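A.B. asks: Build the 3D model from these lines:
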Amino acid sequence: MFSAFSQVTTGIDKTNEIKKALEELAKKQVYVGIPEGSERPEEHGEPITNAQLLYIHSHGIRQRVMREEMNPAVESGEMSYSKAYQLWIQSYGSPLWQSPPRPVLEPAIEHNKDDIADQLRVVLQTVLNGQDPQPELVKAGLMGQNFARDWFTNPANGWEPNAPSTIKKKGSDRPLINEGEMRKAITFVIKEG
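C.D. replies: The predicted structure follows:
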C-alpha cells in the first residue's frame, strides 16, 4: 500500500547561530603587506622603512623638484615624505628618475586569486559547519603573504630588469632583491572592521 504522506524528521534549527557566525565573519578582514609601525620608529635622517621602500618600488620615484612642490616641509625635516605617495610611486614608476613600476601586492593577489578564493570558500564552509574560522583565515593570510613574497622572483611579474648602473652597484640583476629584507617584511594581519 502506498501512502501520500511520509514521515518528516526535524533536527535542531541552527539558523540563528549560523547567521550570527556569518555576521561575525563579515566583520573580519585579512590584510597582506607591511603593517604600519611594524618596524623601528621613523626619525628624520633615518633610512626609509621596508613599508616605505615597498611603496616606492610599487610607484616609482619623483624628482626632488616635484617632491618639494608636493610637500615643501619634507626637505626641511618638518614632516616625513608621504608614505601613501611612496607606495604609489612603486606601482606606477617614474620615468624622471628611471625607476620603473614594480608593483607587488595587487598583482600577486590578482595572479593567485583562484587559490585565495578556494581558501575563502573553506573559511565559509568552516563557519557553516559551526566551527571557528580563525585557523582557516590564518591560512588565507599566509597564502596572500607567500604569494606576495614569491612575486619578487615570479617571471609573471613582468618587471623591467635593473638598469646596468643598478646591476653594477648591487652586483645583481634581480629587481627588488638585495638582502631580501623588504620581501621578508611582507606579512598579514587579521582585523575586525
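
A.B. asks: which stretches of the chain have low pLDDT?
C.D. replies: Scanning the chain for pLDDT under 70 picks out 1-10, 36-47, 59-98.

A.B. asks: neighbouring contacts of the helix ranked longest in it?
C.D. replies: Longest helix in the chain by number of residues (criterion: DSSP state H): helix 134-151. The contact list for helix 134-151 (Cβ atoms under 8 Å, 6 or more residues apart in numbering) reads 28, 30-33, 104-105, 107-109, 111-112, 115-116, 119-120, 122-123, 126, 157, 183-184, 186-190. Just so you know, the C-beta spots here come from the backbone N, C-alpha and C atoms, and that holds for glycine as well.

A.B. asks: out of these, which are buried?
C.D. replies: When these are checked for burial by 16 or more other Cβ atoms under 10 Å, the buried set is 30, 32-33, 104-105, 107-109, 112, 116, 119-120, 123, 126, 157, 183, 186-188.

A.B. asks: need the next SSE after the longest helix of the chain, C-terminal direction.
C.D. replies: helix 164-170 (DSSP states H and E).

A.B. asks: Glu110: neighbouring residues, count only.
C.D. replies: Using other Cβ atoms under 10 Å, Glu110 is surrounded by 11 other residues.
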